[in-house]
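Enquirer: Kindly generate the corresponding structure for this input.
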Amino acid sequence: MNRRNALKLAASGLVGLYLSPLLAQKNVFSSSVSNEPFEPNWDSLAKYVVPDWFRDAKFGMWAHWGPQCEPEAGDWYGRGMYEEGSGQYKSHVEKYGHPSKFGFKDVINVWKADKWNPEELVNLYKEAGAKYFMAMANHHDNLDLYDSKYQPEWNSTKIGPKKDIIGGWEKAARKAGLPFAASVHAAHAWNWFDTSKGADKNGPLAGVPYDGNLTKADGAGTWWEGLDPQDLYAQNHPLSGTPSNNSSIHSQWNWGDGASVPSSAYSEKFHDRTIDLIEKYNPDMIYFDDTAFPLWPVSDAGLRIAAHMYNKSLQKNKTVQAVITGKILTEQQRKTMVWDIEKGQSNNIEPLPWQTDTCIGNWHYDRNVYNNKRYKSAKTVIHTLIDVVSKNGNLMLNIPVRGDGSIDELERAIVLEIGVWMKLNSKSIYGTRPWKIFGEGPQQASAGALTAQGFNEGKGKPYTAEDIRFAQKDKKLYATVMAWPENGTAVIKNLGTSNPYHTEKIRQIKLVSTGEKLKFKQSEQGLEVYFPSKKPEASYANPLEII
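Expert: Residues are numbered from 1 along each chain as shown. Sure thing, here's the model as predicted:
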């Protein structure tokens, strides 16, 4: 962390609460938390303080799973299948037929989730070290994966698998003793499904409208007779204008740059659906895939949802134990919720707790990732976790689920390997807080800058034994050497006696994975730690416990 960032931290009114090494006790923030009810505005919501359970957990796992996983063709299938000439369009035509005849509503109908065993998967993730579990409640495809009062026909209990997906995940998480989170993405169906109103420009079906144009009256004699496709596609409105980058709707994510603005009825329906989710399943955490709160700034629906969730938790627990995450936040907005960085990491210690979310493959299951063995390795996941934790963050990791509700054997092997490292080394992760600096070594200098909501992961050089990441807990400093030092010696420059961060004499150093005491030598230039000749399992990251 450079001097400018250090000064910014020191000036922050919350840095003393969040980063002081003396504040490791439970409920240490309770005296600073207002017990006044929250109102649906930014100033009132800024009273929020992140609960300790989330800060201690550090590592969560996610099932980003719904009907778009059924084709096993990757992310944003419900949009891409209507984009003529795209890979998903071609795959869809080959597998199911033309999207004027077999649309996304029909993909939902063939999704049966017949191999889904939520208890087995949640227990697998718990064994791998996850301290909270998240399931997708809906995606931009607008299908609610729960018994939805305000999306009464287009939900997973009525069509497709005819199962309460969120109910099943929640029951499994509660049985495993894990906090339960739900991710909510449906605010964007309004313009995300624009493509479903199109038509081919070429070929024998040129000009034939896709099924996003259908209404309830068109369903006579079909499997969906009596259902209104517009309740799913939500396209009875003018389309968005062409975004400035001419290729993506990401620039319209905050309802600017030519985006079609949702109606009040649409915003209120989203609000009611989400409140219904909170009331029925009592999630400890809600992840919003939105710039700030959903539908902001064109509606205050998201602000009202947040106030409701915080007040509900306050009434039940005397302090707010709920967590809400959002993306691309202003400094004020970061006080009202947890900042989530998608597929990326901060490059500094953040004064407020934050989270990165990423996946080992694509968000939705993609058979090509499996066939080409392109999953992230357990080593990459562990390195990400350690780096994020050193900077005051949590890691939320998605394991893509197949359409049938299972995970493949390559994914399972990665999860199990993550569990090997966590069983040996998790004391250096759980319940820790950042140290004076997050680390040292050449890797950070190569790390990519954050762009948009994140997307800087994997842009730095590989970690070496020169790269160190720090965290602290119970008056112990954890220094993780990010590779096994093949010459037998790790050198930590910031623990040299002449270094300003070194303040106390070091009495003992242990290798966390084995408990073995290690010999060391401290000089003005640094701390030399002498590693054993035999490597422990999963030695690609090696925490040292320093007393």
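Enquirer: so where's the stretch 151-300 of the chain uncertain?
Expert: Along the stretch 151-300 of the chain, the parts satisfying pLDDT under 70 run over 246-247.
Enquirer: now the strands for it?
Expert: 180-184, 285-291 (DSSP state E, counting those that start in this stretch).
Enquirer: So which residue is smack in the middle of this structure?
Expert: Residue closest to the mean C-alpha point of the chain, counted by Cα atoms, centre = their mean, is Asp357 at 2.9 Å.
Enquirer: Assign that residue to helix, strand or coil.
Expert: Of the three states, Asp357 takes strand according to DSSP: H, G, I helix; E, B strand; the rest coil.
Enquirer: Please identify the helix or strand for the residue nearest to it when sequence neighbours are not counted.
Expert: Of all residues not flanking Asp357 in the chain, Met396 sits nearest, at 4.2 Å (Cβ to Cβ, 6 or more residues apart in numbering). Where C-beta positions appear, they are placed from N, C-alpha and C, glycine not excepted. Assigned by DSSP states H and E, Met396 falls within strand 393-398.
Enquirer: For beta bridges, what are the partners of the residue nearest to the centre of the chain?
Expert: Residues in a beta bridge with Asp357, per DSSP bridges, are Glu342, Met396.
Enquirer: And the pLDDT for the residue nearest to Asp357?
Expert: For Met396, the model assigns a pLDDT of 98.
Enquirer: again, but for Lys149
Expert: In the prediction, the pLDDT value recorded for Lys149 is 98.
Enquirer: Could you report the neighbour count for it?
Expert: If you count neighbours by other Cβ atoms under 10 Å, Lys149 ends up with 15.
Enquirer: wait, doesn't it sit right on Ile275?
Expert: No. Using Cβ atoms under 8 Å as the test, Lys149 is too far from Ile275 to be in contact (9.5 Å).
Enquirer: What is the least confident helix or strand in this protein?
Expert: Least confident helix or strand, the chain: helix 3-11 with a mean of 35, by mean pLDDT, DSSP states H and E.
Enquirer: in the stretch 1-150 of the chain, which spans are helices?
Expert: Under the criterion DSSP state H, counting those that start in this stretch, helices of the stretch 1-150 of the chain are mapped to 3-11, 15-19, 42-45, 52-57, 77-80, 87-95, 104-110, 118-127.
Enquirer: other SSEs contacting the fifth one?
Expert: To tie it back to what came earlier, the one meant is helix 77-80. Applying 3 or more Cβ pairs under 8 Å, 6 or more residues apart in numbering; DSSP states H and E, one finds that helix 77-80 contacts helix 87-95, helix 104-110.
Enquirer: right, and those - which one's nearest Ile382?
Expert: helix 87-95 (31.9 Å; Cβ to Cβ).
Enquirer: contact partners of that closest one?
Expert: Helix 87-95 is touched from outside by 71, 73-74, 76-77, 80-83, 99, 102, with contacts defined as Cβ atoms under 8 Å, 6 or more residues apart in numbering.
Enquirer: With stretch 116-126 instead?
Expert: So stretch 116-126 is in contact with 61, 63, 133, 161, 163, 165, 168-169, 171-173, 175-178, 399, 401, 404-407, 412, 415, going by Cβ under 8 Å, 6+ apart.
Enquirer: Show the buried residues in those residues.
Expert: 61, 63, 133, 161, 163, 165, 168-169, 171-173, 176, 178, 399, 401, 404-407, 415 (16 or more other Cβ atoms under 10 Å).
Enquirer: one step back: the residue nearest to Asp357 is in contact with Met134, isn't it?
Expert: Yes. Contact criterion Cβ under 8 Å: Met396 and Met134 qualify, at 6.4 Å.
Enquirer: so what sits against both of the two?
Expert: With Cβ under 8 Å, 6+ apart as the test, Met396 and Met134 both reach 60-62, 287.
Enquirer: ok now stretch 249-268, how far from the chain's centre?
Expert: Relative to its chain's centre, stretch 249-268 lies at 23 Å (Cα atoms, centre = their mean, to the nearest Å).
Enquirer: hey, C-alpha coordinates of it in CSV?
Expert: C-alpha atoms of stretch 249-268 as CSV (Å, rounded to 0.1, in the frame of the first residue of the first chain):
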residue,chain,number,x,y,z
ILE,A,249,-25.5,-3.5,-22.9
HIS,A,250,-23.0,-3.2,-20.0
SER,A,251,-22.8,0.6,-20.5
GLN,A,252,-26.6,0.6,-19.9
TRP,A,253,-26.4,-1.3,-16.7
ASN,A,254,-27.2,1.8,-14.6
TRP,A,255,-30.1,2.6,-17.0
GLY,A,256,-28.2,5.2,-18.9
ASP,A,257,-26.6,5.4,-22.4
GLY,A,258,-29.8,4.9,-24.3
ALA,A,259,-31.3,2.2,-22.0
SER,A,260,-35.1,1.8,-22.1
VAL,A,261,-36.2,3.0,-18.6
PRO,A,262,-38.4,0.4,-16.7
SER,A,263,-41.9,1.3,-15.9
SER,A,264,-43.1,1.9,-12.4
ALA,A,265,-45.1,-1.4,-12.6
TYR,A,266,-42.0,-3.3,-13.5
SER,A,267,-40.0,-1.8,-10.7
GLU,A,268,-42.7,-2.5,-8.2
